[in-house]
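Visitor: Just the structure for this:
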Amino acid sequence: MNGWVYKGFDETYKRLGIHFDKIYYESETYLLGKNLVDEGLDKGVFYHKKDGSVWIDLSAEGLDEKLLLRNDGTSVYMTQDLGTAQLRAEDFEPEKLVYVVGNEQNYHFDVLRLILIKLGRAWARGIYHLSYGMVELPEGKMKSREGTVVDADDLMDEMISTAKSMTEELGKIEDFDSEEAENLYRMVGLGALKYFILKVDPKKNMTFNPRESIDFNGNTGPFIQYTHARIRSVLRKAGEENELDAAVKINAKERDLLIMLSQFPALVKDAASSFSPALLANYLFELAREYNQFYHEFTILKEEDNSIRQLRLMLSKVTANVIKTGMNLLGIQVPERM
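Guide: Coordinates of the predicted model:
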């Protein structure tokens, strides 16, 4: 049964482009967690209640009592998380342990960090709970007991199907063979899904609207993907590149685009340090929008001054590279043509 479940998980993760370097199983961590509970009892950090269960009192830290082991000796989630944290620390010796878990578990991770600090684990000060907001549907909050939870595979199927219908409406893939078209639908559908979620600050609750997410206009993944494909089309038509003339004069719009491109490395660093992919996602949208304004205002391929033409081609090429690199950091592919 477990093998069947894990195989299903793997198929879904692979489809989303997700992989894990290491997987910890509760069956491997709860015993270590129990050992840590015994250690806490020996140090006087934990205590037994009359029924034999083990607790810790964190009221002095503004929290309350927390159960660590039931009176029959069986573990609870905290017991297992103690063991898992210890294993992660031993395996990777990290400067920071980031837990990406919903905001409904804020209290749990405050307790986990405090317990490990009290057990003398210096590395526990590096525990950080990336407390993300809940994702709701237009019709309301998803509730498993009421059967209103969206299955990941069903959602991906819906997104790819929507991408197909909207792409066919635009009528720009007449020369695509069936395999190339299906690959494009997948790329656009999954890109729309990921981007729509990642553009929102992870700490905020959000409403996911499948149809809205796949719009080819506005702050969406397909808009950015289409901008990349448009630039690649321009570069293909341009043919061979010539050297850039360092003395060429640039206009205000070209300067704005150049400045925006120069901000990319610092922006990536800020997104990483703040654990917010939304910073990168929204930067890519602004960059795509800036480029499209530039594209509509100025000629590129038909520019008669070769120095200016080469400058605009170079700006286009760098913009496409930044979009591709940035979207790749978000786990989103961009097509060469659409």
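
Visitor: so what's the residue nearest to residue 286 when sequence neighbours are not counted up against?
Guide: Leaving out its chain neighbours, the residue that sits closest to residue 286 by Cβ to Cβ, 6 or more residues apart in numbering is residue 260, at 7.2 Å. Backbone N, C-alpha and C define where each C-beta goes, glycine included. Shown in contact with residue 260 (Cβ atoms under 8 Å, 6 or more residues apart in numbering): 286-287, 290.

Visitor: Repeat the analysis, applying 10 Å as the threshold.
Guide: Shown in contact with residue 260 (Cβ atoms under 10 Å, 6 or more residues apart in numbering): 267, 283, 286-287, 290-291, 319, 322.

Visitor: mind checking how far it is from residue 315?
Guide: For residue 260, the distance to residue 315 equals 10 Å [Cβ to Cβ, to the nearest Å].

Visitor: what touches both of the two?
Guide: residue 291.

Visitor: Over to residue 68: give its phi and psi.
Guide: phi -120, psi -30 (degrees, to the nearest 10).

Visitor: Could you report the neighbour count for it?
Guide: By other Cβ atoms under 10 Å, the residues close to residue 68 number 25.

Visitor: you'd agree it is up against residue 33?
Guide: Yes - contact criterion Cβ atoms under 10 Å: residue 68 and residue 33 qualify, at 8.4 Å.

Visitor: Quick check: neighbours shared by these two?
Guide: Common neighbours of residue 68 and residue 33 (Cβ under 10 Å, 6+ apart) are 75-76, 78-79, 82.

Visitor: which of these has the most neighbours?
Guide: Going by other Cβ under 10 Å, residue 82 tops the shared contacts of residue 68 and residue 33 with 28 neighbours.

Visitor: Confirm for me that that residue is in contact with residue 31.
Guide: No - using Cβ under 10 Å, residue 82 is not in contact with residue 31, being 11.1 Å away.

Visitor: For those two, list the residues in contact with both.
Guide: In contact with both residue 82 and residue 31: residue 75, using Cβ under 10 Å, 6+ apart.

Visitor: these two touch, right, residue 32 and residue 82?
Guide: Yes - when contacts are counted by Cβ under 10 Å, residue 32 is listed as touching residue 82 (7.7 Å).

Visitor: Next one: the residue lying farthest from the centre of the chain from residue 71, what distance?
Guide: No residue in the chain has its C-alpha farther from the mean C-alpha position than residue 50, which lies at 46.4 Å (Cα atoms, centre = their mean). According to Cβ to Cβ, residue 50 stands 9 Å off from residue 71.

Visitor: On the three-state scheme, residue 80 is what?
Guide: helix (DSSP: H, G, I helix; E, B strand; the rest coil).

Visitor: One more: residue 91?
Guide: Residue 91 ends up helix, using three-state DSSP.

Visitor: Residue 136 falls within a strand, correct?
Guide: Yes - under three-state DSSP, residue 136 falls within a strand.

Visitor: Could you check how many residues crowd around it?
Guide: Counted by other Cβ under 10 Å, the residues lying close to residue 136 total 14.

Visitor: Pretty sure it sits against residue 200.
Guide: No - in this structure, residue 136 is not within contact of residue 200 by Cβ under 10 Å, at 11.6 Å.

Visitor: Mutual contacts of the two, please.
Guide: 206-208.
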